[in-house]
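Trainee: structure, please.
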Amino acid sequence: MRLIGDAQAASVVLLGHLLASEGFAVIGTGPSRPPLPQEGVLDGLPVEEAERVRWWQRHLTELMTGHPDADHGTPVRAEYDPDVRSVRQRELAKVAELREAGEEVALSTLQRLRARFEREGVAGLVDRRLVKPSTGTGRADPRVVVAIEKVVNSRTDEATVSAQVLRRQVERLLADEHGVGTVTMPSRAAFYRLLQAVSTGRHLLGSARTRRSLGKQPKRMFGQLAAARPGEVMEIDSTPLDVLVVHDDGTVDR
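Mentor: Presented below is the predicted three-dimensional model:
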C-alpha cells in the first residue's frame, strides 16, 4: 500500500503489516482530504481562470481538511475543524465567510464544486467550456470535418477505397446537405491531412478486416478514472470466433 502522510510524504507498507497494526482503523468511508494535485491541469488556461481554480482549491481544501493548503502546521480554524464540525456545518461556514468577503456563492454551488473536487481533483474545478480537446483539424470548416467524419464512419464495413474516392464522396455529401458550391472544399493536401486526423487509429486506407475489427471494439471512457484497488476497474473486450459449425439438423453455418 502506498500511503500519503500529513506532510505529503509518501511511504510504502505491506498490506498485511498495515492491517495487523494496532494503530490501524477505518475512520471514514469518504475522502478525508482532497486528491493529490494533478500536474499540468492548469496549463493553457487563461490567467483569470487559473487564478479562480487556485482560489477555489484553497477554500475547498480548508473546508475538507481544515487546512487551506498542504502546510498542515498551520492551526485549524474552529469552524472548519473536521473533528468537531460536520461537513454541512463547514459548508455553511464557508458560504458565510465568502458572503462576508463579497463573494455571493450559493450552498448548492459550493456542494457541487466540493463533490467534483473530491472526485476529480483540481481538474473538477476548471470551467469545461474552456477545455477544448485537440482534434487535429485546426481551423478547417467544421462542415467539412463533419462530412469527413460521416464518410469515415460509413466505411467501417465497406471495402477499402482510395483517398481520392473518399474525397469525391465528401464533395457529394456536402452538396446534398448544403447545396452545390455552398461549402468550399479544401485543397487536396489539406483534405488528406483532415482525413488522416479524423481517421487516426481506424485503419481507413488499410486492411478492411483490421478496420472492421477495430470498429467492433467498445468505446473507451471519456476522461480519467482512478482505481483504488486491483480489479475495481476492468476493460473487457470480445472477439467473434469465425469457424464453421454443423447444427443438429446437418446444416453448416458460421
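Trainee: in which helix or strand would I find the nearest residue to Ser199 once chain neighbours are set aside?
Mentor: Closest residue to Ser199 in three dimensions, ignoring its sequence neighbours and counting by CB to CB, 6 or more residues apart in numbering: Val152, at 4.9 Å. Just so you know, the C-beta spots here come from the backbone N, C-alpha and C atoms, and that holds for glycine as well. Assessed by DSSP states H and E, Val152 sits inside helix 142-154.
Trainee: about what we covered before: burial count for the residue nearest to Ser199?
Mentor: Val152 has 17 neighbours, counted by other CB atoms under 10 Å.
Trainee: circling back to that earlier point, for the helix holding Val152, buried residues please.
Mentor: For helix 142-154, burial by neighbour count (16 or more other CB atoms under 10 Å) applies to 144-145, 147-148, 151-152.
Trainee: where do the strands sit along the stretch 101-250 of the chain?
Mentor: Using DSSP state E, counting those that start in this stretch, the strands of the stretch 101-250 of the chain run over residues 245-246.
Trainee: so where's it uncertain?
Mentor: Within the stretch 101-250 of the chain, the segments meeting pLDDT under 70 span 131-138, 218-225.
Trainee: swap in 80 and give it another go.
Mentor: For the stretch 101-250 of the chain, the stretches with pLDDT under 80 are 128-139, 201-203, 211-228, 235-241.
Trainee: helices of this structure, start to end?
Mentor: Counting by DSSP state H, the chain has helices at residues 15-20, 47-65, 87-100, 107-120, 142-154, 163-178, 188-198, 208-215.
Trainee: if I look at the residue nearest to Val122 when sequence neighbours are not counted, how far off is Leu107?
Mentor: Counting by CB to CB, 6+ apart, the nearest residue to Val122 once its immediate chain neighbours are dropped is Val41, at 4.8 Å. With distances taken as CB to CB, to the nearest Å, Val41 is found 26 Å from Leu107.
Trainee: Pro82 too?
Mentor: According to CB to CB, Pro82 stands 18 Å off from Leu107.
Trainee: ok, Val76 next?
Mentor: Distance, Val76 to Leu107, by CB to CB: 22 Å.
Trainee: cool, Leu98 as well?
Mentor: Leu98 is 11 Å from Leu107, by CB to CB.
Trainee: how many residues are close by Val246?
Mentor: Neighbours of Val246 (other CB under 10 Å): 9.
Trainee: list the residues that contact it.
Mentor: Neighbouring residues of Val246 by CB atoms under 8 Å, 6 or more residues apart in numbering: Val252.
Trainee: skip the chain neighbours and tell me the closest residue to Ala140.
Mentor: Ala140's closest residue in space is Leu194 (CB to CB, 6+ apart), at 5.6 Å.
Trainee: my error: substitute Thr156 in the last question.
Mentor: Leaving out its chain neighbours, the residue that sits closest to Thr156 by CB to CB, 6+ apart is Gly215, at 3.9 Å.
Trainee: residue contacts, that neighbour?
Mentor: So Gly215 contacts 156-157, 202 (CB under 8 Å, 6+ apart).
Trainee: if you set the cut-off to 10 Å instead, what comes out?
Mentor: Taking CB atoms under 10 Å, 6 or more residues apart in numbering, we find Gly215 in contact with 153, 155-157, 202-203.
Trainee: good, wrapping up.
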